[in-house]
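> Predicted model, plus sequence, below.
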Amino acid sequence: MKEVNASIITIGDELLIGQTIDTNSAFIAQELNKIGVWVKRRIAVGDVKDEILNALKEQSQDWDLIIITGGLGPTADDITKPALCEYFNSKLIVNEDVLQNVKNIFGKFNKPVTERNSKQAEVPHNCTVLPNKRGTAPGMLFEKDEVIYISLPGVPNEMKGLIENSVLSKLKEHFQLPVILHRTALVIGKGESEIAEMILHFENSLPNHVKLAYLPSYGMLRLRLTAKGEDAAALEKEIDTLFSQLKEGVKDYLAADEDITLQEVVINLLKEKNKTVATAESCTGGYIAHLITSIAGSSAVYNGSVVSYANAAKENILDVQQETLQQHGAVSEETVTQMVKGVLHAMNTDYALATSGIMGPDGGTSEKPVGLVWIGVGNKKETRAYKINYPFERNRNIQFTAMTALNLLRRFIIEQERDEKTD
Ligand code: ATP
Ligand code: MG
């Protein structure tokens with residue numbers, strides 16, 4: 001089977017000056033990877049017709065598929081359509097379906113369709129239109145000298161809709177693509193090199209068409225197996241067998257055997273045990289609450305958070321004792337322990353999590369340096385506190401604290417629920 005290779009061209013001056021981060025390429029590359037199309041180049045060019053034309057010429061020499069995003073809007077700096085017309089020798093014609101879509105979208109907002117907007121319905125005569133339900137600029141597919149070109153709007157949400165609803169199926173129809181299967185394990189509690197050591201034998205024994213990737217983030221590690229083949233059923237069986245071996249190899253550190261986040265692991269665990277949790281956040285300022293509540297369905301297990309940033313909030317809302325704060329300070333074992341108890345009571349939950357630390361850049365002392373964090377976790381029977389020193393800058397300190405706290409909560413719940421069973 002011949003490999004299908006692709007290049008992604010993103011268009012826009014805003015990408016070159018760094019005002020907009022190119023998230024489109026990352027999304028498209030991930031989606032193409034899943035269906036077995038290999039992205040060989042990613043390039044960005046400005047809103048300049050000649051630059052776009054040059055990029056198209058260059059990239060089409062080596063690759064089978066070119067995906068372009070951006071520059072399709074109705075404003076003067078959006079220059080992709082004229083460039084495509086020149087490149088493919090096209091005339092612009094009005095596409096009635098696109099015009100109707102533009103009218104529908106403007107109708108929804110009770111706005112008149114201006115001439116500028118109706119221009120969105122003009123498309124090169126020799127393209128296949130890919131309908132854009134989320135916006136006015138359609139996607140366009142061209143074929144020239146056995147290369148497929150797909151032009152998509154730059155607005156990330158519209159681009160995603162087009163990729164999911166039409167581009168992937170068109171590519172599967174057009175190219176003969178391999179079967180690609182992924183299996184992901186979330187591993188916590190050991191570093192990348194230690195895990196690599198543990199599964200060295202497994203990794204070395206993998207056949208050529210199965211690859212293992214190490215994807216670390218915030219003290220966690222995702223291990224992803226990717227298998228490539230032609231027979232879907234046989235490949236499925238093979239990857240499942242290998243994945244079982246991988247899980248066995250890391251079983252003491254395995255937090256999930258699917259591609260989910262740590263907060264999803266915690267939510268699933270609480271749902272399974274029919275238990276609830278609340279958080280009391282000082283240094284993480286509600287970030288843990290945000291991570292949890294960004295998961296649909298978290299309301300079944302999550303009662304809420306007290307963002308007790310000031311000492312007065314810790315005292316008044318969470319019942320932390322004034323003497324505790326005076327004697328030990330806000331960043332202390334005693335304070336997080338009382339925060340856990342306070343929020344357990346205030347929110348009436350089964351479990352609670354609390355954070356208090358010095359995230360920097362200021363506020364550190366020799367006794368309590370920047371990066372010092374206390375994390376508390378508990379239930380009605382027991383409360384535990386953990387002291388950690390992070391060496392990072394503010395944002396990373398906050399993110400690491402949140403992830404560590406969620407993991408400590410996860411471990412505490414597992415242990416307590418096990419004890420409850422054996423009680
Ligand atoms: P519009 O009709 O809004 O002009 P368009 O197809 O012309 O759509 P652009 O003008 O390139 O798209 O960009 C629209 C929005 O999408 C802008 O906010 C831009 O910053 C953003 N955008 C463009 N390209 C990318 C990209 N590669 N990654 C992330 N965002 C992008
Ligand atoms: Mg633009």
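Arrived safely, thanks for sending. Ligands and ions are numbered 1, 2, ... in the order given.
> Around ligand 1, pick out the residues from the stretch 101-250 of the chain.
With C-beta under 6 Å from any ligand atom as the criterion, the stretch 101-250 of the chain meets ligand 1 at residues 137, 153-156. From N, CA and C alone the C-beta is placed, and that goes for glycine too.
> so can I have JSON lines of those residues showing distance to Glu417?
Conversion of these to JSON lines gives the following (distance: C-beta to C-beta, whole Å):
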{"residue": "Ala137", "distance to Glu417": "52"}
{"residue": "Pro153", "distance to Glu417": "48"}
{"residue": "Gly154", "distance to Glu417": "48"}
{"residue": "Val155", "distance to Glu417": "45"}
{"residue": "Pro156", "distance to Glu417": "40"}
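> okay, and the helix or strand of this structure with the least pLDDT?
Using mean pLDDT, DSSP states H and E, the weakest-scoring helix or strand in the chain turns out to be helix 115-118, at a mean of 85.
> Can you give the strand pairings for the helix or strand harbouring Ala280, parallel or anti for each?
Here Ala280 is covered by strand 277-281, with elements defined by DSSP states H and E. Sheet pairing of strand 277-281 (DSSP bridges) gives strand 302-307 (parallel), strand 351-357 (parallel).
> out of the ones you listed, nearest to Ala83?
Taking C-beta to C-beta, strand 302-307 is the member of those nearest to Ala83, at 49.5 Å.
> Same question for that closest one: list its buried residues.
Buried residues in strand 302-307, defined by neighbour count with 16 or more other C-beta atoms under 10 Å: 302-303, 305-307.
> With respect to Asn132, which of the residues you listed is nearest?
Closest approach between those and Asn132, by C-beta to C-beta: Tyr302, at 36.1 Å.
> now check the helix or strand containing Ser25, is it near ligand 1?
Assigned by DSSP H and E, Ser25 belongs to helix 23-34. Yes - judged by C-beta under 6 Å from any ligand atom, helix 23-34 and ligand 1 are in contact via 23-24.
> which residues sit against that helix?
The contact list for helix 23-34, computed with C-beta atoms under 8 Å, 6 or more residues apart in numbering, reads 6, 8, 10, 38-39, 42, 67, 69-70, 152, 154, 156, 159-160, 163-164, 168, 171, 180, 182.
> what about the nearest residue to Gln120 once chain neighbours are set aside, distance to Asn126?
Distances taken as C-beta to C-beta, 6 or more residues apart in numbering put Thr136 closest to Gln120, at 4.4 Å, once the chain neighbours are dropped. According to C-beta to C-beta, to the nearest Å, Thr136 stands 21 Å off from Asn126.
> When those two are compared, which one has more neighbours?
Taking neighbours as other C-beta atoms under 10 Å, Thr136 and Asn126 compare with Thr136 leading, 24 against 16.
> Tell me if I am right that that one is in a strand.
No - Thr136 sits outside any strand when classified using DSSP: H, G, I helix; E, B strand; the rest coil, being coil.
> and the gap between it and Ala121?
Per C-beta to C-beta, Thr136 is found 8 Å from Ala121.
> again, but for Ser282
To Ala121, Ser282 is 55 Å away according to C-beta to C-beta.
> Between these two, which has more neighbouring residues?
The residue with more neighbours, out of Ser282 and Ala121, is Ser282; 26 against 23, by other C-beta under 10 Å.
> Spatially nearest residue to that one (excluding sequence neighbours)?
Closest to Ser282 by C-beta to C-beta, 6+ apart is Ser356, at 4.2 Å.
> go on, Asn95?
Leaving aside its sequence neighbours, Asn95 sits nearest to Val123 (C-beta to C-beta, 6+ apart; 4.9 Å).
> Verify the stated contact: that neighbour with Leu92.
Yes - with contact defined as C-beta atoms under 8 Å, Val123 reaches Leu92; the gap is 6.7 Å.
> and for the two, which residues touch both?
By C-beta under 8 Å, 6+ apart, Val123 and Leu92 have these common neighbours: Lys81.
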